[in-house]
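> Return atomic coordinates for the entry below.
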Amino acid sequence: MLAFYRAQDFDAAVARADEILGYQGAGHSVGLYTALPERAARLGLTLPVCRVIVNQAHCFATGGSYDNALPFSLSMGCGTWGGNSISDNLGYRHFLNITRVVRTLAQPLVHEPTDAELFGAYRTKHGV
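All right, here's what the predicted structure looks like:
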């Protein structure tokens, strides 16, 4: 069975996709054919999906491909949106117990932000 949905414009299409994902499928994926990269970015920022498949055959691309950098898998994690513990394509590394031995670095790799840098705009806006 194949279903088609009509939408008046892209905003309406995004709203419909969100409704469908909310009914069943949150976390899995959404496919889009477009020449406008900002549309794909918008879907990734607003919809509860772990994969935005752009200009590809959705049924094949979600499970990984040589030309899209997703790892090959027959099971796709849907993150907490879908009640899963992973948001990746399931692979052998998810079954490994990995122990990491960590020590403090002599020189941090990144600048540790101050409270003012982290919360300054919020505190200014809300008077906290």
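> going forward, measure contacts between C-alpha atoms and count neighbours the same way
Noted.
> And the least confident helix or strand in the chain by mean pLDDT, what's buried?
None of the helices or strands of the chain scores lower by mean pLDDT, DSSP states H and E than helix 58-61, at a mean of 88. Neighbour-count burial for helix 58-61 flags 58, 61 (criterion: 16 or more other C-alpha atoms under 10 Å).
> all strands of the chain, in order?
With DSSP state E as the criterion, the chain has strands at 27-32, 49-54.
> can you redo those as CSV with distance to residue 76 and mean neighbour count?
CSV is the format used below for these (distance: least, C-alpha to C-alpha, whole Å; neighbours: other C-alpha atoms under 10 Å):
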stretch, distance to residue 76, mean neighbour count
strand 27-32, 7, 20
strand 49-54, 9, 21
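> what would these look like in a markdown table with distance to residue 80?
Putting the strands of the chain into a markdown table (distance: least, C-alpha to C-alpha, whole Å) gives the following:
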| stretch | distance to residue 80 |
| --- | --- |
| strand 27-32 | 7 |
| strand 49-54 | 10 |
